[in-house]
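> sequence unknown, structure follows:
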Ligand code: SRM
Ligand SMILES: Cc1cc2nc3c(=O)[nH]c(=O)nc-3n(C[C@H](O)[C@H](O)[C@H](O)COP(=O)(O)OP(=O)(O)OC[C@H]3O[C@@H](n4cnc5c(N)ncnc54)[C@H](O)[C@@H]3O)c2cc1C
Ligand code: SF4
Ligand code: FES
């Protein structure tokens, strides 16, 4: 008969426990989970990349809804267990659901510690623990206001870096003299502080918070020395405390955490406790590696094979702030019985210290260069006598035993039980074994099957080297297409790193991402220029030398080196005055060809480069602006006559088209964007083969996207129906902004949409209203800088040299 | 050969180019990211594209019409493409750029 297993809390520990349990005792239990958070199990340690924008929440989900269904698990989302009745063997949730159990697992994690100062309850004071906290921070970040983070430990630093990456001004307040003092010695703490400050985060150490001030909401933080730091957001990240109240009320033995034996059993043998809420062997933990060990032990104990027990070991600490490498493990305090070996390289910002007792490593602190971390940790774990290699120990593994400095050789030399992935406790032998046994060739597969590098990801380079060693030539890490031959990175990676590392110029990108050429090529430079324009609209200075000639001179180059000029004709509507102005320009500059384009406007072809500013000047006087017929940007919005004239028209399609074009012109996009609005399903504006199209119907506006009618022909997908013009505009703008932020350079909407999924786009820009608004706002912000008519700018003198020859030596000759 | 002053180095943006009109056609004058100056015929060996309008990278330029890459040092097309443009002697003195043209040919115009 199946037994009933109830779990309180759905965090990282029980999620892992169930994976083991279903493997060793499938079908034995009927599982029910109660989770106070209204969501599935996700990788809590990756909240920081979500905060900084390097990952989305969807990417960090560990078990999606499907997993629960497949495994027959009942998950009560948003149910907090308020009591355990040990006699009746039931638990009851705050929504009144009562469930009986044969075995119960408590995995309630921790609660963030709140320092008891006045003002701690003001709106705007938050902790950093779950997705709701991240969302609250992101909302606050939108206002680009000031934030104060209290606490200079792992969480505080990650929060500060994330908020900074989101454009906030951040001050970090830490009570101790150096940062992360529990994991780092003062020297490394100092380097860390410098690295944090270099990101533009203000760091105040020895700073004791006295009060949080504000009237009805947070307005600032007051320190004990009287300093007042203005802030509209305060993040408290001063520590955590095991969440053991529920267990205590149920009469279980509780010390700092819920006390368990080495098999994770509490004082009631039917009840287990795992995760941060548990105390085993006198220790409580705050990193996932030991929690995963607890998960394995608990699964064994529930599965009836009580042969595994929990053993304490030191877990290395790493910081997940892109660009800051630190690693610390073990005991690094000074002491008479200890010796230390230190290496400093000030120019490279490297600091390494290994602490020894009786010729054995008891602690390691690495900053700036952490590749040897797992090697040192391995020596420590094995209690290896290092007297033989003492002189070269600090230089790392590559310098030992005549091994070459080849990093692959270093990994090859690691012993089979060397731990590669600290989070999941996966050693080298297990990874190599899994790769061979399952014939794995991609990193994702290795992650899925061995769990190595599947949590915080800092060991990814080591895992990749192991793959290279095991698979030899069969391993192809460059499954991503590099941008061009100047770099090994793909477009997505480059886009991600530009944001993550706040890279704001082409030289900065090339330097930081180690471009192989001095200044790129005609493929990567325009792409980088676009990414920077898109990501930093207010800060980046557009590099015209990295734009294709058409975008540099704002006209289309022709086969004979002359140019064509296409002014905007909003929504395809024109007037006698406009047509007369065009006629005059054509006569005055003897323009050889005038043509009506396929985009409902007029093209003047064969204009000499030198004449362009004068042509624009005349067109400008008649009210014309550039049609961007040359741009990776908004091209045309075609319309039909709509309800103003047509007997079938349902809405003002012409007016909506003009409104969209006037709102969106000037924005730069990954590839060109063409739109159309048709007044009824007869679709005379051909809206169903455009990047974005609207078909007006009686009940509103049907928005289409991802069509194409050039190199490929593809009908559009329906995004959805909206009721009003305002809403149609908002959705179209949000869609365009999502595309601007995510697509690869030169990737049209239809290709990008196929890659990320139509449903995902629908979800983000149609259904998720706050997200839609965020995209919309970012577009509007960037338009402040983009919506400048390039023609009138050049008529008034900008880049005027571009249009004239440098010299005409025919005259010099004549003068001789 | 006669040296003609055609302007100052500051008249050309880094990683950019300008053209010079001569009786034998246009010449493209290029300035690289490290301030080296080159001059080549402004006429792509492929289909005559105006090279001075291309993107300058390293000591090469990519033609704006069909993306041939031309070496500024040798005038040779790079990669799989075959062809060459004439390079023109050029020097910089006190920030002034001078190019050498054949007076005879020029006078013949
Ligand atoms: C002028 C025009 C043809 C015309 O006389 O009607 C035209 C002319 C050019 N098109 Fe086009 N396209 C024109 C409408 C179109 C349309 C129809 C439309 O927009 O409704 C399409 C198909 C719709 C689509 O894009 O899905 C179209 C699909 C293309 C493509 C293929 C794009 C693709 O991704 O599949 C290219 C090539 C490219 O962009 O790489 C292209 C490229 C070009 C270029 C820019 C070629 C070039 O790189 O120099 C031509 C520039 C001529 C010039 O100097 O004006 N043109 N082109 C039309 C200008 C519309 C406007 O007012 O801005
Ligand atoms: C931002 C951040 C970054 C981190 N980075 C790292 C890192 O880089 N490396 C590392 O090793 N560790 C890291 N950690 C720590 C790691 O995330 C935790 O150690 C781990 O998630 C704890 O797992 P758990 O299952 O014990 O508890 P949790 O994952 O906290 O899950 C507990 C769950 O129980 C729920 N719950 C609580 N009480 C009840 C109740 N009465 N009824 C029902 N449900 C309840 C809670 O809502 C919560 O969802 C980080 C943590 C945070 C917040
Ligand atoms: S179809 Fe477009 S790209 Fe081709 S020749 Fe005509 S205008 Fe040029
Ligand atoms: S004309 Fe230069 S590449 Fe074709």
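Arrived safely. Model, not experiment: these values are computed from the prediction. Residues are numbered from 1 along each chain as shown, chains lettered A, B, ... in the order given. Ligands and ions are numbered 1, 2, ... in the order given.

> what sits closest to residue A:95 if chain neighbours are left out?
residue A:79 (5.5 Å; CB to CB, 6 or more residues apart in numbering or on different chains). Heads up, the C-betas are built off the backbone N, CA and C, glycines and all.

> isn't the one you found up against residue A:93?
Yes - under the criterion of CB atoms under 8 Å, residue A:79 makes contact with residue A:93 at 3.9 Å.

> neighbour count: those two, which is higher?
residue A:79 (23 against 19; other CB atoms under 10 Å in any protein chain shown).

> and the helices in the stretch 501-650 of chain A?
Residue ranges of the helices in the stretch 501-650 of chain A, as given by DSSP state H, counting those that start in this stretch, are A:506-512, A:524-535, A:549-553, A:576-588, A:612-621.

> chain B now?
Secondary structure of chain B (DSSP state H): helices located at B:103-108.

> return the residues of it in contact with chain A.
Within chain B, the positions near chain A by CB under 8 Å from any CB of the partner chain are B:4, B:6-7, B:11-16, B:18-23, B:26, B:29, B:32-34, B:47-50, B:53-58, B:62, B:64-65, B:67, B:69, B:101, B:106-107, B:109.

> now, the residues you listed that are in strands?
Counting by DSSP state E, these place B:4, B:6-7, B:16, B:18-22, B:26, B:29, B:55-57, B:62, B:69, B:101 in strands.

> what residues does the stretch 301-450 of chain A have near ligand 2?
Within reach of ligand 2 by CB under 6 Å from any ligand atom, the stretch 301-450 of chain A has these residues: A:320, A:423.

> ditto for chain A
Counting by CB under 6 Å from any ligand atom, chain A sits next to ligand 2 at A:8-13, A:34-37, A:44-45, A:47-48, A:80-81, A:107-109, A:128-129, A:155, A:158, A:243, A:246, A:275-276, A:286-289, A:291, A:320, A:423, A:456.

> 5 Å instead?
Taking CB under 5 Å from any ligand atom as the contact definition, chain A meets ligand 2 at A:8-9, A:11-13, A:34-37, A:44-45, A:47, A:80-81, A:107-109, A:246, A:275-276, A:287-288, A:456.

> phi and psi next, for residue A:13.
Note on residue A:13: backbone dihedrals following degrees, to the nearest 10 are phi -70, psi -50.

> what's the spacing between it and residue A:278?
8 Å (CB to CB, to the nearest Å).

> one more: residue A:789?
Applying CB to CB, the value for residue A:789 to residue A:278 is 65 Å.

> in chain B, what residue lies closest to ligand 1?
Proximity of chain B to ligand 1 (CB to the nearest ligand atom) peaks at residue B:65, 8.6 Å away.

> surely that residue and residue A:557 touch.
Yes - with contact defined as CB under 8 Å, residue B:65 counts as touching residue A:557 (7.1 Å).

> ok, back up a step: what residues are shared contacts of residue A:13 and residue A:278?
Contact with both residue A:13 and residue A:278 is made by residues residue A:294, according to CB atoms under 8 Å, 6 or more residues apart in numbering or on different chains.

> those strands in the stretch 301-450 of chain A, which residues are they?
For the stretch 301-450 of chain A, strands defined by DSSP state E, counting those that start in this stretch occupy the ranges A:317-318, A:326-330, A:339-345, A:350-357, A:360-367, A:419-421, A:426-427.

> quick one: contacts for residue B:38?
Per CB under 8 Å, 6+ apart, neighbours of residue B:38: B:29, B:30, B:32, B:59, B:72, B:73, B:87, B:90.

> just give the closest residue to the first one, not the sequence neighbours.
Closest residue to residue B:29 apart from its sequence neighbours, by CB to CB, 6+ apart: residue B:39 at 5.0 Å.

> check the fifth one too.
What sits nearest to residue B:72 in space, not counting adjacent residues and going by CB to CB, 6+ apart, is residue B:38, at 3.8 Å.

> circling back to that earlier point, are any of the contacts of residue B:38 buried, and if so which?
Buried members of the contacts of residue B:38, counted by 16 or more other CB atoms under 10 Å in any protein chain shown: B:29, B:30, B:32, B:59, B:72, B:87, B:90.

> picking up where we left off before, per-residue pLDDT, the residue nearest to residue A:95?
In the prediction, the pLDDT value recorded for residue A:79 is 95.

> contacts only, for it.
A:34, A:35, A:36, A:93, A:94, A:95, A:97.

> and residue A:728, its phi and psi?
phi -60, psi -40.

> that one is in contact with residue A:697, isn't it?
No - counting by CB under 8 Å, residue A:728 stays clear of residue A:697, with 11.6 Å between them.

> who has more neighbours, these two?
Using other CB under 10 Å as the criterion, residue A:728 and residue A:697 rank with residue A:728 on top: 23 against 15.

> what sits closest to that one if chain neighbours are left out?
Of all residues not flanking residue A:728 in the chain, residue A:701 sits nearest, at 4.2 Å (CB to CB, 6+ apart).

> look up phi and psi at that neighbour.
Dihedral angles for residue A:701 - degrees, to the nearest 10 - are phi -130, psi 120.

> could you pull up the residues touching it?
A:651, A:656, A:694, A:695, A:721, A:722, A:723, A:724, A:725, A:727, A:728.

> mind giving me the packing neighbours of the helix or strand hosting the third one?
It stands for residue A:694. Secondary structure from DSSP states H and E places residue A:694 in strand A:692-697. With contacts defined as 3 or more CB pairs under 8 Å, 6 or more residues apart in numbering or on different chains; DSSP states H and E, strand A:692-697 has these neighbours: helix A:653-664, strand A:673-678, strand A:700-705, helix A:725-742.

> now the last one: mean pLDDT?
Which is helix A:725-742. On average, helix A:725-742 scores 97.

> show the subsequent helix or strand relative to it.
helix A:749-756.

> returning to what we had before: what about the strand holding residue A:694, near ligand 1?
No - using CB under 5 Å from any ligand atom, we find that strand A:692-697 stays clear of ligand 1, coming within 10.9 Å at best.

> so for that strand, what gets flagged as buried?
When burial is assessed from 16+ other CB under 10 Å, strand A:692-697 yields the following buried residues: A:692, A:693, A:694, A:695, A:696.
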